[in-house]
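J.: Sequence and computational prediction follow.
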Amino acid sequence: MFNKAYHRNLLEIISYVFGIYLACLIVRFLLNHIHSKHNLLRERRKIVKKRSLFITVTLAIMLLMSGFANATVLTFDDMGDCHYYCNFSSYGGFSWSNDFVYVNGRNSSNSGTGYDYGTVSGDYTAVNANESVVNVTDGGFDFTGAYFTSAWRTGLTVTAKGFSGGAEIYSAYVVVDYNSPTWLQTDFLNVDQVVFSSYGGTEAVDGGSGAHFAMDNFTVNESSVPEPATMILLGSGLAGLVGFRKKFKK
């Protein structure tokens, strides 16, 4: 009787232990399954956040860049006929100083000079009459650059300076000859005045002399300051990017 009862109790204990072990395995399986689902959802959320952030920043950059994309090129070809020096004080929405004139470079009297070779588009260029320091002003614009050609000299230095509120904030220069135009890339941002001066070089063309220059394809953009909505969108996208990086590092 003792042995039979002993064996029965032993079998009950083994069955009980095995049942507990089996239950533990089931619970572990369920927990792993739940954890896997949780991780999958978390990864999906990360992917969605990344995509949303990417779309936000991309849209903001596109909107921001659209404010700078529409450049205006002033060719001086739409101000009327001019046989030699013709004054203008207002053109393209800008104010031009008194010694800025426009010239028909294709006129026979200008043949072989920098006025002739300096016409990039059409027949006309802007010139600093009397070798003067000249300027162009407006409420606020970006000056991208322009083509410059010396009228009579080789090795003429043309300098451009950008001002805002009376303070000089940019400066650029280019050395030019009379027989071909040279592009000056300035990238002056949000200026209200650009001043041009010229000096140096060696006389090389018969029939004239001086530090005159011809300027063509004056390229500007008056959308230098992005709209507030664009800046808010860009700021939110960048803030989200910074926050995501901090969270990712943790």
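T.: Structure's in. What do you need? Numbers count the residues shown, from 1 in each chain.
J.: Every contact and neighbour count from this point should use C-alpha atoms.
T.: Will do.
J.: Just give the nearest non-adjacent residue to residue 164, would you?
T.: Spatial nearest neighbour of residue 164, chain neighbours left out: residue 191 (4.8 Å); criterion: C-alpha to C-alpha, 6 or more residues apart in numbering.
J.: what about that neighbour, distance to residue 137?
T.: The gap separating residue 191 from residue 137 is 9 Å, by C-alpha to C-alpha, to the nearest Å.
J.: Repeat that for residue 45.
T.: Counting by C-alpha to C-alpha - residue 45 and residue 137 are separated by 53 Å.
J.: Those two - which one has more neighbours?
T.: Taking neighbours as other C-alpha atoms under 10 Å, residue 45 and residue 137 compare with residue 137 leading, 19 against 12.
J.: Spell out which residues make up each domain of this structure.
T.: 1-69, 72-221 (automatic domain parsing).
J.: does residue 159 really touch residue 174, like I thought?
T.: Yes: if you go by C-alpha atoms under 8 Å, residue 159 and residue 174 touch, sitting 6.6 Å apart.
J.: what's the burial count for residue 181?
T.: By other C-alpha under 10 Å, neighbour count at residue 181 equals 22.
J.: The protein: helices as residue ranges?
T.: Using DSSP state H, the helices of the chain run over residues 2-69, 114-117, 228-249.
J.: Compare the ones you listed and say which comes out lowest on pLDDT.
T.: Across the helices of the chain, helix 228-249 has the smallest mean pLDDT, namely a mean of 53.
J.: how close does residue 111 get to residue 19?
T.: As judged by C-alpha to C-alpha, residue 111 and residue 19 stand 107 Å apart.
J.: Contacts only, for residue 136.
T.: For residue 136, the contact set (C-alpha atoms under 8 Å, 6 or more residues apart in numbering) comprises 94-97, 193-195.
J.: So among these, which ones count as buried?
T.: 95-97, 193-195 (16 or more other C-alpha atoms under 10 Å).
J.: So which of those is the closest to residue 146?
T.: residue 194 (11.9 Å; C-alpha to C-alpha).
J.: hey, what's the closest one bridged with?
T.: residue 136, residue 162 (DSSP bridges).
J.: quick one: it and residue 164 touch, right?
T.: No: with contact defined as C-alpha under 8 Å, residue 194 does not count as touching residue 164 (9.1 Å).
J.: Can you tell me how far the residue lying closest to residue 172 once chain neighbours are set aside is from residue 75?
T.: The shortest distance from residue 172 to any non-neighbouring residue, by C-alpha to C-alpha, 6+ apart, is to residue 160 (5.3 Å). Using C-alpha to C-alpha, one gets 18 Å for the distance from residue 160 to residue 75.
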